[in-house]
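**Student:** I would like to see how this sequence folds:
(4 chains)
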Number of protein chains: 4
Amino acid sequence: MRASVIGATGFAGVELVRLLLGHPQAELAMITSESSTGELLTKMYPHLKGRLDKELTSMRDMQAIAKVSDVIFIALPHGHAMKIAKELKNENVKIIDLGGDYRFKDPKVFEQWYKVEHVDPTTQAVYGLVELYRDRVKGAKLVANPGCYTTASILARVPLLKEKLISTEGIVVDSKSGTTGAGRSLKLGSLYESVNESFKAYGVASHRHTPEIEQAYEDFAGEPVVIQFTPHLLPVDRGIYSTCYAELKEGVTDAQVAGAFESMYGKEYFVRLLGKGVPPELKNTRASNYVDIGWEIDRRTNRVIVMSALDNLVKGAAGQAVQNMNVMFGLPEQMGLEALPVYP
Amino acid sequence: MRASVIGATGFAGVELVRLLLGHPQAELAMITSESSTGELLTKMYPHLKGRLDKELTSMRDMQAIAKVSDVIFIALPHGHAMKIAKELKNENVKIIDLGGDYRFKDPKVFEQWYKVEHVDPTTQAVYGLVELYRDRVKGAKLVANPGCYTTASILARVPLLKEKLISTEGIVVDSKSGTTGAGRSLKLGSLYESVNESFKAYGVASHRHTPEIEQAYEDFAGEPVVIQFTPHLLPVDRGIYSTCYAELKEGVTDAQVAGAFESMYGKEYFVRLLGKGVPPELKNTRASNYVDIGWEIDRRTNRVIVMSALDNLVKGAAGQAVQNMNVMFGLPEQMGLEALPVYP
Amino acid sequence: MRASVIGATGFAGVELVRLLLGHPQAELAMITSESSTGELLTKMYPHLKGRLDKELTSMRDMQAIAKVSDVIFIALPHGHAMKIAKELKNENVKIIDLGGDYRFKDPKVFEQWYKVEHVDPTTQAVYGLVELYRDRVKGAKLVANPGCYTTASILARVPLLKEKLISTEGIVVDSKSGTTGAGRSLKLGSLYESVNESFKAYGVASHRHTPEIEQAYEDFAGEPVVIQFTPHLLPVDRGIYSTCYAELKEGVTDAQVAGAFESMYGKEYFVRLLGKGVPPELKNTRASNYVDIGWEIDRRTNRVIVMSALDNLVKGAAGQAVQNMNVMFGLPEQMGLEALPVYP
Amino acid sequence: MRASVIGATGFAGVELVRLLLGHPQAELAMITSESSTGELLTKMYPHLKGRLDKELTSMRDMQAIAKVSDVIFIALPHGHAMKIAKELKNENVKIIDLGGDYRFKDPKVFEQWYKVEHVDPTTQAVYGLVELYRDRVKGAKLVANPGCYTTASILARVPLLKEKLISTEGIVVDSKSGTTGAGRSLKLGSLYESVNESFKAYGVASHRHTPEIEQAYEDFAGEPVVIQFTPHLLPVDRGIYSTCYAELKEGVTDAQVAGAFESMYGKEYFVRLLGKGVPPELKNTRASNYVDIGWEIDRRTNRVIVMSALDNLVKGAAGQAVQNMNVMFGLPEQMGLEALPVYP
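**Tutor:** Numbering: from 1, shown residues only, chains lettered A, B, ... in the order given. Predicted coordinates:
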């Protein structure tokens, strides 16, 4: 399987390269970067040295790239993928977009939250959260890979919504992300001194992952859901931690809550259920494609608090994309993704 | 003013020593440690070297310590202070307890959450959150210094409860603490490798600061309040960050919210209001007695999200204790506490 | 190949388990811990959850463990392995010791620096630095896996000693280690607060890796070498960085230095030569079995400064042990060790 | 005393502002920034909020700034100060330059290492290492504040050179710096992800602090000294750690070494001698003006290893500058600099 990575010098892009280099069935076709065209990727990322001897090319001629690829990963900021996918609509190549362009059923939602016009509004992609939409991913030609916050938040809550164990009102999602979630741009706020020994909320009441989470919640709840989502910046390289608050419906038992998680994820390779009373720890998922989920039930407040942890660059981006690729091409879902978390 | 520190080798205790050494009107009388009696404090904490040449003594003879002290700070785990304060009831010495023993109006609440019998249930201490209870602190002989999480959470919410701008139902307090908040005990979970590059929730639905926060909220709301409080462990040395969610009452304007904060804290030296749309950053308060407060109003969900940040060892413990001392003895409130935050 | 790990709950032991779980030819036979006998390893190390369902046993009956194992890894503090290896001398099992017991040709050197009597002084193990002693490792039954500091320091210098390009006098090795190098013991110095935002030297002029480095240097120099070795503690989880200073012999050219490295490591899978003027970065080797080596030549001082970086838990311990196992059993040397560094 | 800070938005500049705001005799006159002229400094650095309400101005009219200042601190990259000092030569204002322009007796050395022509080569400044040159600083009008690496390295070695206890040959200075030492510029290497969990050497055999250290060594040794200096980047905000190797002259005793330090620094407020066998820890000096010095003597190698630690922004930059100001104006040397280290 020949795979190309458009935008290989961002954190998600280079993580894709790392995973694809370790994938037994994948072969790296083209890797692109507009700012470093012609350079070796290992010059910018020497951790790959010794295993990759490939120059970065330009993405200007996407047709040519499509011709030598079975699958194209797009790891660019939003706004690019919709142009590329539109252009390649009739090419015999599958596309997995790691950005936001195709994540919404309704392109108007995209336009409203991302403040950009959608140039390919009639194309429907499959939302690539494999654990929830595996069958659709199987036949997909264009997959919208979910965001990092959204993967953690959706997986943590959907079983309870599906089984109607929680109220759809008053949901609060308090999330925390490692710094790679912010990308690799040169901003004062990304300097070591700005992040280290600090912590802050950002994008309060306005973060673009909000409607993406709501869309999935609604899909399983079968009714409109409005959530309160707050992202924060953690002084760690990798990781998303979501603490999700919801009101339990009357009479719901501990066993029902556990059962909802068990029946949905009991056989999932990449979801590890820690059970009631066991909060996940971020580090236990580092550099792996696992999501760890634990929960607590507070009878004083009648709330269930679900906590989830994952690596934003793997299950929250590149790993999930490879998982999608595996499913799209009929390969074993965990192929190339079996690496255990690196601890400590 | 002769000040003694009972339990000087914990993180809060040694921070008290640091602050008292820099206080123009304080003189360090006795410092105690049961496990290191007879040793120099600078042996365990060489950062104080050159400015302190004092041996640690035992706290066994509290009467003797009381005789040479105008004020005694108790920086021990809960359960000790109630014995000490009871014993010293008739001594001419003021006591500031940094633990939980005297923080509750109703000693039964203490017993229920701390699982210990209260040996001095009839004594009422003043709750030493100076910004809220300054007048009571002035005349106090026994002050219960608030907890670190509670200081951040209470100050962030009380103006809105007082002005009845938010509902008392559905309040969520999602808090994050630096590791010094967990004290200086030898546990696997406190090792560098356990904390670094990680993040986790703990004490979910069961943390002892919950009733302390509720007590203050009720005091200002004038009605019962039940909150959802979740603490998390941050990979930083110092700091508390609280993200507090509450439902706005109908018709409440942005200006009313700002006004509530302004009228309560506008003249406070140690509270810095960042305003709407400006989340605080933890590091901006480090090593200082400041609390930074910012907020956001989400008209989609009709919620106000208030965020507060402080240094758990200063405003969350030792600094607040010194602030209480200043007020109790009629000194300028900020004396010895003017140090600006250390950034970066 | 059935592999057992004696001492599976230390950092090196659990890293061995992680690597063996991902090794295509290895099967985990027994894992031991004296303090947690009967418990699941995943209870203490939940990052392995989902992939390991094995109880820790005791190492009291080593004969029984030997019977079900083709290879035994000993990941215990020094002093244990010599007893185990002695006891299993006639068993049909290969042993790889990650401790210091068998690293010295002369057991008296061990006794002098480790302050313990050697109970098996007549047994000679093979020193398992594969890049230098591959042929010996092939036939070995007992391998002494090198220490973390030593691997970094030896590999960085040996080519220059072998080619007699540097003086054997005045060699300084200034090394820095991540905190996992100190093991997982409960000491005040290992708390997050002690390590984070700090740095210190330790074991100055007395660290046990000194004679181990000297032994290898002498082996290649063909004459006695006395070095100055100083370890330091870095606030990172993993990694060893060595900055090695030596005097160039008269007339030595840049090309000769590069040639020495090239001829020795040019075909090595796990050694990456960065060349002159390119210092390695610790993070580029994280979670991998690579050693990165760069150097600089200072004509002002007539010195060559060689810098090496590796992950102390992988190439500095568990990864190197698996590399030894591969060579001992005739497997491809990199089997199970191909994981690329995790960056960032 | 009216003090102005030229270049107030760099890390050293803003640290100067923090220290001056806490200085009982200093009043902040002008603070400048060319890129943020007209803005409040607290906008970029909110940790100062509540205590400073001052706009940044331009440094274009230095004459005007001089007229309202008794002392001007220049916290700019090298190359600026020589123009400013030249322009203000006849003004009645003292100047303290935190850059490299005036640190060398011989302007040619500056030109050679900094690759810039010196525009004011005939002006001799006083080298502001107060502990070594206090008398000269007293009368100075223009002080060259030493660099961070140099302060740590010079203070650690000079007593032994002065007493002729060590050889002037073969000196190695292996230094490690926190990231603020690299300034606040937007480079990929300064991103959180580049620094966190990593470590690297840089500027090997070419760092500009080399000739500055040599100059001071020669001054006390009375003969030429060529050193090997290697800086490294530490994943901490603040701090310099220097490990200095030198050969002991024949017959030198432990007591002589201790005596040399004692006689030179025994009465110094800001130098804390930890003694033989006690390496300093970086964190014990954080946010203070202290230098901690410890040493070890290795009779195997006949070397003395001296280790020093300090905060690069305080004793390595802004604190030392204030110390110079105090001496220049006849104030108590420690005024405004008594803050104890912040630990943990």
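**Student:** residue contacts, A:Thr9?
**Tutor:** A:Ser33, A:Ser35, A:Ser36, A:Leu41, A:Met44, A:Tyr45, A:Leu56, A:Arg184 (C-beta atoms under 8 Å, 6 or more residues apart in numbering or on different chains). Quick note: C-beta positions are derived from backbone N, CA and C, even for glycine.
**Student:** Name the helix or strand for it, please.
**Tutor:** Counting by DSSP states H and E, no helix or strand carries A:Thr9.
**Student:** Tell me how far it lies from chain D.
**Tutor:** Plainly put, A:Thr9 is 10 Å away from chain D if you go by C-beta to the nearest C-beta, to the nearest Å.
**Student:** For that residue, which non-adjacent residue is closest in space?
**Tutor:** Nearest residue to A:Thr9, sequence neighbours excluded (C-beta to C-beta, 6 or more residues apart in numbering or on different chains): A:Ser33, at 4.4 Å.
**Student:** tell me the contacts of that neighbour?
**Tutor:** Here A:Ser33 is in contact with A:Gly7, A:Ala8, A:Thr9, A:Glu39, A:Leu41, A:Leu56 (C-beta under 8 Å, 6+ apart).
**Student:** tell me the pLDDT at it?
**Tutor:** Listed pLDDT for A:Ser33 reads 98.
**Student:** Just the buried subset of the contacts of A:Thr9, please.
**Tutor:** For these, a neighbour count by 16 or more other C-beta atoms under 10 Å in any protein chain shown gives the buried set as A:Ser33, A:Ser36, A:Leu41, A:Met44, A:Tyr45, A:Leu56, A:Arg184.
**Student:** Max pairwise distance over those residues: which two?
**Tutor:** A:Leu56 and A:Arg184 (14.6 Å; C-beta to C-beta).
**Student:** Walking through the stretch 151-300 of chain A, point out its strands one by one.
**Tutor:** Applying DSSP state E, counting those that start in this stretch to the stretch 151-300 of chain A gives strands spanning A:172-177, A:200-201, A:228-233, A:240-247, A:271-276, A:291-298.
**Student:** other SSEs contacting the second one?
**Tutor:** Packed against strand A:200-201, as judged by 3 or more C-beta pairs under 8 Å, 6 or more residues apart in numbering or on different chains; DSSP states H and E, are the following elements: strand A:228-233, strand B:240-247, strand B:303-310.
**Student:** For the contacts of A:Ser33, work out which two are farthest apart.
**Tutor:** A:Gly7 and A:Glu39 (14.4 Å).
**Student:** if you count what's nearby, which of these two comes out ahead?
**Tutor:** Remark: of A:Gly7 and A:Glu39, A:Gly7 carries more neighbours, 23 against 13, as counted by other C-beta atoms under 10 Å in any protein chain shown.
**Student:** Thought A:His78 was touching the more buried one, still the case?
**Tutor:** No: the criterion here is C-beta atoms under 8 Å, and A:Gly7 misses it with A:His78 at 11.7 Å.
**Student:** just to revisit the earlier point, tell me which of the buried ones among the contacts of A:Thr9 is nearest to chain D?
**Tutor:** Distances from chain D to the buried ones among the contacts of A:Thr9, taken as C-beta to the nearest C-beta, are shortest for A:Arg184 (6.9 Å).
**Student:** Quick one: residues contacting that closest one.
**Tutor:** So A:Arg184 contacts A:Thr9, A:Gly10, A:Phe11, D:Leu188, D:Leu191, D:Glu193 (C-beta under 8 Å, 6+ apart).
**Student:** Same question for A:Ala246.
**Tutor:** When the contact criterion is C-beta under 8 Å, 6+ apart, the partners of A:Ala246 are A:Arg157, A:Leu160, A:Ile166, A:Ser167, A:Gly170, A:Ile171, A:Val172, A:Arg303, A:Val304, A:Val306.
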